[in-house]
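One predicted model, sequence on top.
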Amino acid sequence: MPLNLEFSGPLWHWRGPAPFYFVTIPAEQAQQIKAAARFVSYGWGMIPVRVKLGETEWKTSLFPKDEQYILPIKMVARKAENIEQGGVVSVQMRVG
């Protein structure tokens, strides 16, 4: 059974070889994801999800980081929803 979650958090920038923007999954939801991870995880602990941010929807994967998970926010979604670094986003997400 899929796990449906809603949460909010600030958009932050990771400056790596290829820059990405993320939202960190709050602890309460991260615990729910960890409980489901063994059923849906693939390579390096990645968790497939379907995301809705405002009117924009896409498929991606959560990254495990520091005992939590981070959600990559695509440039298309950031532009469509007019979201800047540090802005708080509200996310609906389906795990699995």
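Now that the structure is in, tell me what you want to look at. Numbering: from 1, shown residues only.

can you pull out the helices in the protein?
27-40, 75-80 (DSSP state H).

need those in CSV with distance to Glu55 and mean neighbour count, can you?
To be clear about C-beta, it is placed using only N, CA and C from the backbone, and glycine gets the same treatment. Listed next are those as CSV, based on distance: least, Cβ to Cβ, whole Å; neighbours: other Cβ atoms under 10 Å:
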stretch, distance to Glu55, mean neighbour count
helix 27-40, 22, 14
helix 75-80, 7, 14
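
Show me what the lowest-mean-pLDDT helix or strand in the chain is packed against.
Lowest on mean pLDDT, DSSP states H and E among the helices and strands of the chain sits helix 27-40, with a mean of 89. Helices and strands touching helix 27-40, by 3 or more Cβ pairs under 8 Å, 6 or more residues apart in numbering; DSSP states H and E, are strand 3-10, strand 47-53, strand 68-72, strand 88-95.

Tell me which of these lies nearest to Ala30.
strand 68-72 (4.8 Å; Cβ to Cβ).

Could you check the angle the closest one makes with strand 3-10?
On the basis of axes from the mean of the first three to the mean of the last three Cα atoms, to 10 degrees, strand 68-72 is oriented at 80 degrees to strand 3-10.

tell me the mean pLDDT for strand 68-72?
For strand 68-72, mean pLDDT rounds to 94.

what sits up against stretch 77-87?
Under the criterion Cβ atoms under 8 Å, 6 or more residues apart in numbering, residues 10-13, 21, 51, 53-56, 58, 73, 89 lie in contact with stretch 77-87.

mind checking how far Leu3 is from Val89?
Distance of Leu3 to Val89, computed by Cβ to Cβ, to the nearest Å: 19 Å.

before we move on, what about Thr24?
From Thr24 across to Val89, the span is 11 Å (Cβ to Cβ).
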